[in-house]
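J.: I would like to see how this sequence folds:
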Amino acid sequence: MEMTTQESSTQLPNWSEKNANEWQACRSSFFYFYSKYVYVEDSTHCRKIKATVPGYIFDLIETMACTREIVILKARQLFISWLMCAYAVWSAVFHDYAKVLLLSYKEEGGSWELIDKCLFIYNALPDFIKRELDSDTRSQIGFKHGNSRIKALPSTETAGTGYTATLVIRDELEKHPYAEKNFAAIGPTVDAGGQMIDLSTIEKSAPDSHFRKRYISAKTGSNTQAVFLGWRLRPVRQEGLSLDDWFKQNIEKKYTKLQIEQEYPETEDQALSPPETTAFFDRAALNDMEWDVIRVLETRHSEQVKIYVPPIIGRKYVAFLDPSDGSEDPHAGIIMDFQTDEVVAETHGFCKADQCAKQFDELVREYNQAFNDFESNASVGGKVSEVLAALGTPNRRVNRYVKGEPMYGWYTGGNSANSTRRDMIWELEEAVRKRKVRVHNKDIITELKSFIQPPGEAPCPMGGAHDDYIMALGGCLLIAKEMPSQTLYKPGKLRGY
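T.: Okay, the predicted model is just below:
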């Protein structure tokens, strides 16, 4: 990322022209500096080794060069912490007044270790690159010329408060005891033009953690870039062994299945999925569902509407909408084949309630006036009800009658034994377990995998995840039990918006 500090004024008197050019080349490109001059410690073999740039490192460096906020979900032993420390050194050495803040979950073995790595990288540099130090402690490296600093702190309630940094790196964020409070304290750094990089392995026992929320939020429409790095990305783990052989000999024999999913995930799905002990939906059934994932046939409305299977003349369909106001949660509208429980079309994404209602109306009409309903919670449900009424959406399920007038929409609040939400969720659980429901979108399966039932609690999404698809699917399955024997309205012309 292009630093916002002043051009460095540091030049050594005995620089040759070659060294001066090299110094400027390093300053201009972190990739150049890292690939040519950075050494890291190979503690396994007790040696200093040249930093390499496999594809995943190159891609991450490119992301760092153009993105102000990054959240990295990673496997162990990918040298990402070393990469971050090299980035901290580069920022401080080649830019005046750079303030780099490294946050870890504790001092010893945490923030102190990050400083040790920075010093290791710095000390291995050629003399013409180095800048004179004015402080070198367990928690800080200061540079005499240019007034740049690398400061390392453990995660405490006040860590980073009042510290305006050029770059903030939060290492192993999942373990930070005050991660959310720290984020509120140092968030202005990014707002002021600085850069923040969060990185961590996942903690399966913390489904509501700050790091998980940050990562999932980055994946679902925020300005933050989410990056997943699986264990297979490192091309060589042990000389003479393939990756599979190394994994079998060194990982599978040493760790439990849960530990492997945490420390050495191969896929993002494996990393984010809850442990099987708390997963609500049948994991084997969800894995089988992935065989039905297909290419989208058609998209509309900025790809929010997706068509997987076109409507069939004479076929019956059901539809359910979980609306939103377009801010924190996406809406989800599902069209399901009544005979096969196959999801044939959907509308999903961030837009205002009136727009998602219009997109839903469009699909209802297109799919033979699908028998339909929607979640009517709060003001968003009221807005959707108004829009569907104004559009004259056909074949709507009547919830109840008040003084002879039909009332529409299904209230799904609460998790009590007789709540509609509970009925929808458990209806879907049975359909998944019996492999009745078919979906063609991998995102739906991912959401199903992120749904958990903590001991003694009601089923719920893991921290940062959503349940919009789940509610729409469950709604379709429930209202299908009330499917009228014949169409209630005359076929109408397809409306486009």
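
J.: Just the helices from the stretch 301-450 of the chain, written as ranges.
T.: Taking DSSP state H, counting those that start in this stretch to define them, one finds helices in the stretch 301-450 of the chain at 353-366, 378-391, 420-433, 442-449.

J.: let me redo that: the stretch 151-300 of the chain
T.: With helices called from DSSP H, counting those that start in this stretch, the stretch 151-300 of the chain shows them at 179-191, 210-219, 243-247, 257-263, 268-272, 283-289.

J.: re the thing from before, out of the helices of the stretch 301-450 of the chain, nearest to residue 83?
T.: helix 442-449 (27.6 Å; C-beta to C-beta). Yep, even glycine has a C-beta here, placed from its N, CA and C like the rest.

J.: tell me the angle that closest one makes with helix 210-219.
T.: Here helix 442-449 points in a direction 160 degrees away from that of helix 210-219 (axes from the mean of the first three to the mean of the last three C-alpha atoms, to 10 degrees).

J.: And the contacts of helix 442-449?
T.: With C-beta atoms under 8 Å, 6 or more residues apart in numbering as the test, helix 442-449 has contacts from 269, 272-274, 279, 281, 283, 286, 289-290, 293, 343, 348, 432, 439, 461, 465-470, 473.

J.: Same check on stretch 128-139?
T.: Contacts of stretch 128-139 with the rest of the structure, by C-beta under 8 Å, 6+ apart, involve 10, 12, 15, 19, 22-23, 26, 37, 93, 107, 111-112, 115, 119, 122, 141-146, 148, 151-153.

J.: Which of those residues are buried? Put it as a ChimeraX command.
T.: Buried members of these, defined by 16 or more other C-beta atoms under 10 Å, are picked up in ChimeraX with:
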select :10,12,19,22,23,26,37,93,107,111,112,115,119,122,141,142,143,146,148,151,152,153
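
J.: Which ones among the contacts of stretch 128-139 map onto strands?
T.: 141, 142, 143, 151, 152, 153 (DSSP state E).

J.: tell me the two of those that are most distant?
T.: With C-beta to C-beta as the measure, no two of the ones in strands among the contacts of stretch 128-139 lie farther apart than 143 and 153, at 18.4 Å.

J.: pLDDT below threshold where in this structure?
T.: Applying pLDDT under 70 to the chain flags residues 1-15, 43-46, 107-110, 158, 160-162, 221-222, 414-418, 486-497.

J.: What residue spans form the domains of it?
T.: As given by automatic domain parsing, the domain ranges for the chain are 17-237, 283-482.

J.: Tabulate the ones you listed (TSV), appending distance to residue 265.
T.: Formatted as TSV, the domains of the chain follow (distance: least, C-beta to C-beta, whole Å):
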stretch	distance to residue 265
domain 17-237	6
domain 283-482	13
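
J.: Of those, which is nearest residue 243?
T.: Closest among the domains of the chain, once you apply C-beta to C-beta, is domain 17-237, at 5.9 Å.

J.: Quick check, central residue of the chain?
T.: By C-alpha atoms, centre = their mean, the chain has its centre lying nearest to residue 216, at 2.8 Å.

J.: I'd guessed it sits against residue 461; true?
T.: No. In this structure residue 216 lies outside contact range of residue 461 using C-beta atoms under 8 Å: 9.4 Å.

J.: In the sheet, which residues pair with residue 333? Tell me.
T.: Beta-bridge partners for residue 333, by DSSP bridges, are residue 321, residue 347.

J.: Please list all residues in contact with it.
T.: Residues near residue 333 by C-beta under 8 Å, 6+ apart: 319, 320, 321, 322, 346, 347, 348, 356, 359, 360, 363, 472.

J.: still on that earlier bit, look up the closest residue to the residue nearest to the centre of the chain, ignoring the ones flanking it.
T.: Spatial nearest neighbour of residue 216, excluding adjacent residues (C-beta to C-beta, 6 or more residues apart in numbering): residue 464 at 3.6 Å.

J.: for the one you found, what are its contacts?
T.: 208, 212, 213, 214, 215, 216, 217.

J.: separation between the nearest residue to the first one once chain neighbours are set aside and residue 179?
T.: So the one you mean is residue 208. Closest residue to residue 208 apart from its sequence neighbours, by C-beta to C-beta, 6+ apart: residue 463 at 3.3 Å. Counting by C-beta to C-beta, to the nearest Å, the gap from residue 463 to residue 179 is 12 Å.

J.: Neighbour count for those two, which is higher?
T.: When neighbours are counted by other C-beta atoms under 10 Å, residue 463 and residue 179 differ, and residue 179 comes out ahead with 22 against 18.

J.: Relative to residue 157, how far out is that one?
T.: The separation that residue 179 has from residue 157, given C-beta to C-beta, amounts to 11 Å.

J.: shared neighbours, the two?
T.: Listed as contacting both residue 179 and residue 157 by C-beta under 8 Å, 6+ apart is no residue at all.

J.: hang on, the earlier thing: give the intersection of the neighbour lists for residue 463 and residue 179.
T.: Common neighbours of residue 463 and residue 179 (criterion: C-beta under 8 Å, 6+ apart): residue 209.

J.: All good on my end, thank you.
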